[in-house]
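Novice: just a sequence and a predicted model for now, questions to come.
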Amino acid sequence: MKNSILLIGALMLGISVRAQDSLSQRKNSIKIDLTSHFIYRNAFIVSYERVTRPNQSLVISGGYQEFPRVSSMGQDIGVKSDRERTGYKFGADYRFYLKKENKFRAPHGVYIGPYFTFHRFHNNRDLVVDNNGVQEDVILDSKFTILNVGFQLGYQFIIKDRWAIDLSFVGPSLSHYKYTLNFDGNYTFDKDDITNEIILDLIDRFPLLDDALSEGEVTKKGKLDTWSYGYRYQLTVGYHFGRKKK
């Protein structure tokens, strides 16, 4: 009886070890970024993860995204229509899966590591500006870029050796924000005042940037080209694949 119990225990241990090994034998995952779609609405970002060492992996990502539609860009500035909206994102991160914290091998489990992302948005809009009660039409061409360099903590589930659910939930970064504006049309309003109002409206949409800059600083510069803070939180889902070792 004792020998039978030991035999059953050994078989169960062997099955468990093989199940864990099978997760490490597929080295590739392709995933879709759900967070970008939720934030920017019109976005399609894909990432590819490749296990490079037993507890490490490299992730590259990229795709299309647009800055969300807005109805106004300040108290006196309304958006009549969008002539053009384009944008993209690309980035990479290197992950270290914590061996002591994970019973599975990469890419299943807790991971940490550095990352960078670059976002670029281009918008061409028809605006209406309230200039002391007079409505003036103007075309605004804007470019907005964000570079993030940071460090993240996350967890990835591999389900049935095929499906990946990847959540990065801690990701502070040092970020560079640059926003350039060009007006076209016949207008009499003060360009600097309207530029500052638009920049301040954009800053309000990024809480960490709002905390790092004062209104007086932005008004004095008349532009946005600065380093500040950023944060990454990301949910991706996808397919885990690759040839198993025999």
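Specialist: That came through, no problem.
Novice: host element of Ala106?
Specialist: Here Ala106 is covered by no helix or strand, with elements defined by DSSP states H and E.
Novice: if I read this right, it contacts Asn55, doesn't it?
Specialist: Yes. In terms of C-beta atoms under 8 Å, Ala106 counts as a neighbour of Asn55; the distance is 5.2 Å. Yep, even glycine has a C-beta here, placed from its N, CA and C like the rest.
Novice: what is in contact with these two at once?
Specialist: By C-beta atoms under 8 Å, 6 or more residues apart in numbering, Ala106 and Asn55 have these common neighbours: Tyr97.
Novice: between those two, which is the more surrounded one?
Specialist: Each of Ala106 and Asn55 has its neighbours counted (other C-beta atoms under 10 Å); Ala106 has more, 25 against 18.
Novice: quick one: the spatially closest residue to the more buried one that is not a sequence neighbour and Arg205, what's the gap?
Specialist: The shortest distance from Ala106 to any non-neighbouring residue, by C-beta to C-beta, 6 or more residues apart in numbering, is to Tyr97 (4.1 Å). In this structure, Tyr97 and Arg205 are 35 Å apart, going by C-beta to C-beta, to the nearest Å.
Novice: between the two, tell me which one has more neighbours.
Specialist: Counted by other C-beta under 10 Å, Tyr97 and Arg205 do not tie: Tyr97 has more neighbours, with 25 against 11.
Novice: what pairs with the more buried one across the strands?
Specialist: Tyr111 (DSSP bridges).
Novice: distance of it from Asn132?
Specialist: Look at Tyr97 and Asn132: by C-beta to C-beta, they are 61 Å apart.
Novice: go on, Lys27?
Specialist: From Lys27 to Asn132 the distance is 64 Å (C-beta to C-beta).
Novice: between those two, which has more neighbouring residues?
Specialist: Lys27 (18 against 7).
Novice: how many other residues sit next to the residue lying closest to the more buried one once chain neighbours are set aside?
Specialist: Using C-beta to C-beta, 6+ apart and skipping residues adjacent in sequence, the residue nearest Lys27 is Val51, 4.1 Å away. Residues near Val51, counting by other C-beta under 10 Å, number 21.
Novice: where do the strands sit along this structure?
Specialist: Per DSSP state E, the chain carries strands over the ranges 28-33, 43-53, 56-65, 72-74, 77-97, 109-131, 134-159, 163-170, 172-184, 224-231, 234-241.
Novice: what's the closest of those strands to Leu200?
Specialist: strand 72-74 (7.2 Å; C-beta to C-beta).
Novice: which residues does Ile134 contact?
Specialist: I think there's a mix-up here, since residue 134 is Val and not Ile. Taking C-beta under 8 Å, 6+ apart, one finds Thr188 in contact with Val134.
Novice: quickly note the distance from it to Ser81.
Specialist: 20 Å.
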